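Novice: here is my input; please provide its structure:
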Amino acid sequence: MAQPFLSTSTMPTPPLDPAVVLNIDGYLKPHIPSIIQRYNSYKRWKDTFELHEGGYDKFTRGYEKFGLNVGSNNEVTYREWAPNAKEAYLIGEFNEWDRTSHPMKVNDFGIWEIIVPPLPSGRCAIPHDTKIKVRAYFELLEIFNERENQLSMVLPTGERIERIPTWITRVTQDLDVSPVYEARFWNPPKSEQYTFKNPRPPKANNLRIYEAHVGISTGEPRVGTYKEFTKNVLPRIKDLGYNTIQLMAIMEHAYYASFGYQVTSFFAASSRYGTPEELKELIDTAHGYGLTVLLDIVHSHACKNVLDGLNEFDGTDHLYFHEGGKGRHDLWDSRLFNYGSHEVLRFLLSNLRYWIEVYQFDGFRFDGVTSMMYKHHGIGAGFSGGYHEYFGDNADEEGIVYLMIANDAMHTLYPNSITIAEDVSGMPLLCMPVNKGGVGFDYRLSMAVPDTWIKLLKHKTDDQWDMGNIVFTLINRRHGEKSIAYCESHDQALVGDKTIAFWLMDKEMYTHMSDMSPMTPIIARGLSLHKMIRLITHSLGGEGYLNFEGNEFGHPEWLDFPRDGNGSSFHYARRQWNVVDDQLLRYKYLNNFDRAMNRTAGKYGWLDAPQGYVSLKHEGDKLIVFERARLLFIFNFHPTNSYTDYRVGVEEAGEYKVVLNSDDKQFGGFENVKNDSVYFTTPLKWNDRKNYLQVYIPSRTCLVLGKV
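Specialist: Below you'll find the model as predicted:
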């Protein structure tokens, strides 16, 4: 198990020096008071943790105090925060659902506790994988919940309610009986507990992320498993040259079609795909491949379910959430956390620590960050880039401060951890360290990039593509703040939208993707632009790259989870690996290019290099030329024109050879460019570069040249 860095400092957090912020961006000067104010709020929280909670290290270990924990002698201690309850009882299969046999005691902070001693034999009194609940009895629920393990509580009104423990680590769902989850006491014998074998890989750089969903990762119309993903998908990811996996829909969620974004149990790994031990095996195996594993964490909101979620846990609507309208997200129909609550911070920060410590995740992609940072939650709000949009009345200081604390805590405890923000607003300082006035993320997702590609494919003919706008979109990011570029994520794969491959080739994907059929103009265009869009996004768009599983080979169909609207069908909730594995089909060419692109990026490290220098964006010729990581990238987006002896500028003199060529036969190209071609520079200034060389660059082809 990885050991965190332990801070022994009890010194107050130093104040923020405004000069540090202005040195990053002088345009922030009018907003220095707002930045200092949010920093001071962060500082008060951090100093409070140091003075009263033992610092980050102890405060983020809430899962060792709350929920169900087994001692060395097999006694079980259960604690739960429920200040509105007047009585509480632990009930379950272990006590035959006796509603009064195991009463809990409460302290002055509304924390209930019970210790269940071991059996006379020394065995744990609560058997492994049996059902439990906590009870405060809501009479109407008694019959419905009779089978389940619960916490039972009595409210001030005399009502009795039953709830699933909030810190529970295992819940299961039997849809044949009810969609409501049942809590289970997960305490396997040591012989059945998974033991991690592989060390975490070094902190990933040159970040190449494979975004994946375990449930859809089989070719069959059903829910895939952790075991299957470990055996069948991890080797593919490694082979393709990705160094990081981002796992979606792991935190337990009530509705499969929510894609994991309606979380009910924050500490429970989804039981749809298997057991906690099998998820640990998946992550450990990934580490053995040298892959970093990130969790798609959802702290922006929570499912509004009452029977199996956090909502109204102790009978109030404001335990973990804001009360009233402030605690509800109108668009997502979910509950919003109260980030100004001490116990809510304990719950959420411990949740982050839990996934890193217990499951060995290496970091997080934070979902819905825009919703957390603004009072309007991004609903109906457009962001033009004006700094006034990010500060003042629109900003949700509590949400921003929580993100500052979360990033600071995880980077303090686990210096090699990685955090990525899903933010559409472009908040300044989002990816700057907290001690410099930032929010503390390592990367932000470049969410404007996929929108640009879809708009071009949807609304523009090829000759209308604006080279300047493409370049601007790809390089338009804040200096010093790292971005993850992507052409399409899971959002673009969902039914109602189209993947890039589908926009390009549409129905001909069903009729002309075989090498046994003619190469039609539509398929030729689709294969070519699919490769070009990916490479220019990968090489120019950021300091990291992301791909959603299946898109690397142009998955032929969209993604749609079983729901009422499609007859609960799994037909589109799967990945058709068979089409890329069939050597008669052309999907293999896109897969081959994706592999070569990632491996070339890994070899030359362009994602870690400074932003590319663009020397040419020619609207008439439809050419884009830039240099990055001492490589020369040449893209010809013209639909018909090929160019012989085309002159392009390059800074370094010397002899250049082909490093990557989209026209290569193994990538479905026409082999008009020979891979053994040699290019010599001429010492004459061209396009503001010291030298030039001349290339043959066919229509819809991209070349990467490297100095010999």
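
Novice: low-scoring stretches of this structure, by residue?
Specialist: Within the chain, the stretches with pLDDT under 70 are 1-10, 137-150.

Novice: what are the ranges of the strands in the stretch 201-350 of the chain?
Specialist: 207-213, 244-248, 251-253, 263-269, 292-297, 328-329, 334-335 (DSSP state E, counting those that start in this stretch).

Novice: which other helices and strands does the second one contact?
Specialist: So the one you mean is strand 244-248. Applying 3 or more CB pairs under 8 Å, 6 or more residues apart in numbering; DSSP states H and E, one finds that strand 244-248 contacts strand 207-213, strand 292-297. Where you see a C-beta, it was placed from the backbone N, CA and C, and this is true even at glycine.

Novice: out of the ones you listed, nearest to I697?
Specialist: strand 207-213 (26.1 Å; CB to CB).

Novice: need the residues that contact that closest one.
Specialist: With CB atoms under 8 Å, 6 or more residues apart in numbering as the test, strand 207-213 has contacts from 229, 233, 237, 240-249, 259-260, 294, 418, 443, 484, 489-490, 543-549, 598, 601-602, 607.

Novice: again, but for stretch 32-48
Specialist: Outside stretch 32-48, the residues that reach it (CB under 8 Å, 6+ apart) are 12-13, 15-16, 18, 21-22, 28, 56, 342, 345, 391-392, 395, 397-398, 400-401, 404-405, 408, 429, 434, 437.

Novice: just the buried residues out of those, in ChimeraX syntax.
Specialist: Remark: buried members of these, expressed as a ChimeraX selection using 16 or more other CB atoms under 10 Å:
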select :13,16,18,21,28,56,345,391,395,397,398,400,401,404,405,408,429,434,437
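
Novice: among the contacts of stretch 32-48, which are located in helices?
Specialist: Judged by DSSP state H, those include 18, 21-22, 56, 342, 345, 397-398, 400-401, 404-405, 408 as members of helices.

Novice: greatest separation within the residues you listed: which pair is it?
Specialist: L22 and H342 (33.0 Å).

Novice: buried only: go through the contacts of strand 207-213 for me.
Specialist: 229, 233, 237, 240-249, 259-260, 294, 418, 443, 484, 489-490, 543-549, 598, 601, 607.

Novice: between the helices and strands packed on strand 244-248, which one is nearest to D462?
Specialist: Across the helices and strands packed on strand 244-248 (criterion: CB to CB), the nearest stretch is strand 207-213, sitting at 28.3 Å.

Novice: name the strands paired with the closest one and say parallel or antiparallel.
Specialist: Taking DSSP bridges as the criterion, strand 207-213 forms sheet pairs with strand 244-248 (parallel), strand 544-548 (parallel).

Novice: export those strands to CSV and append columns for distance to N206.
Specialist: Shown next, in CSV, are the strands paired with strand 207-213 (distance: least, CB to CB, whole Å):
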stretch, distance to N206
strand 244-248, 10
strand 544-548, 8
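
Novice: relative to K588, which of these is closest?
Specialist: strand 544-548 (16.4 Å).

Novice: right, and the helix or strand after that closest one?
Specialist: Downstream of strand 544-548, the next assigned helix or strand under DSSP states H and E is helix 577-581.

Novice: now the helix or strand following that following helix: how far from the chain's centre is it?
Specialist: Using DSSP H and E, the helix or strand that follows helix 577-581 in sequence is helix 587-604. When distances are taken as CA atoms, centre = their mean, to the nearest Å, helix 587-604 is centred 22 Å away from the chain's centroid.

Novice: picking that back up, just name the most buried of the helices and strands packed on strand 244-248.
Specialist: strand 207-213 (a mean of 25; mean count of other CB atoms under 10 Å).

Novice: what angle do that one and strand 292-297 make?
Specialist: If you take axes from the mean of the first three to the mean of the last three CA atoms, to 10 degrees, strand 207-213 sits at 50 degrees to strand 292-297.

Novice: export strand 207-213 to CSV, keeping only CA atoms.
Specialist: Taking C-alpha atoms only, strand 207-213 is exported to CSV below (Å, rounded to 0.1, in the frame of the first residue of the first chain):
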residue,chain,number,x,y,z
LEU,A,207,-0.4,12.1,-20.4
ARG,A,208,-2.3,9.9,-22.8
ILE,A,209,-5.6,8.9,-21.3
TYR,A,210,-7.9,6.1,-22.3
GLU,A,211,-11.4,6.9,-21.0
ALA,A,212,-13.3,3.7,-20.3
HIS,A,213,-16.5,2.3,-18.8
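
Novice: show me the helices in the stretch 1-150 of the chain, by range?
Specialist: 18-24, 32-52, 55-59, 62-65 (DSSP state H, counting those that start in this stretch).

Novice: report the buried residues of stretch 160-175.
Specialist: 160-171, 173.

Novice: narrow those to those in helices?
Specialist: Counting by DSSP H, those contribute nothing to helices.

Novice: which one of the residues you listed sits closest to M372?
Specialist: Of the buried residues of stretch 160-175, the one sitting nearest to M372 (CB to CB) turns out to be T166, at 20.1 Å.

Novice: I figured the closest one hits D314, correct?
Specialist: No - the pair T166 / D314 is not scored as a contact, 9.8 Å apart, by CB atoms under 8 Å.

Novice: circling back: how about the helices and strands packed on strand 244-248, which one is nearest T285?
Specialist: strand 292-297 (9.9 Å).

Novice: given that closest one, what are its sheet partners and their directions?
Specialist: strand 244-248 (parallel), strand 363-366 (parallel).

Novice: run through who's touching the first one.
Specialist: Yep, that's strand 244-248 we're talking about. 204, 207-214, 234, 237, 259-260, 286, 291-296, 365, 418, 420, 490, 546.

Novice: again with stretch 307-314
Specialist: 82-85, 136, 141, 145, 153, 155, 163-164, 166, 171, 180-182, 254, 263-266, 302-306, 317, 319-321, 335.

Novice: all helices for the stretch 301-450 of the chain, in order.
Specialist: 342-357, 369-373, 397-413, 448-459.
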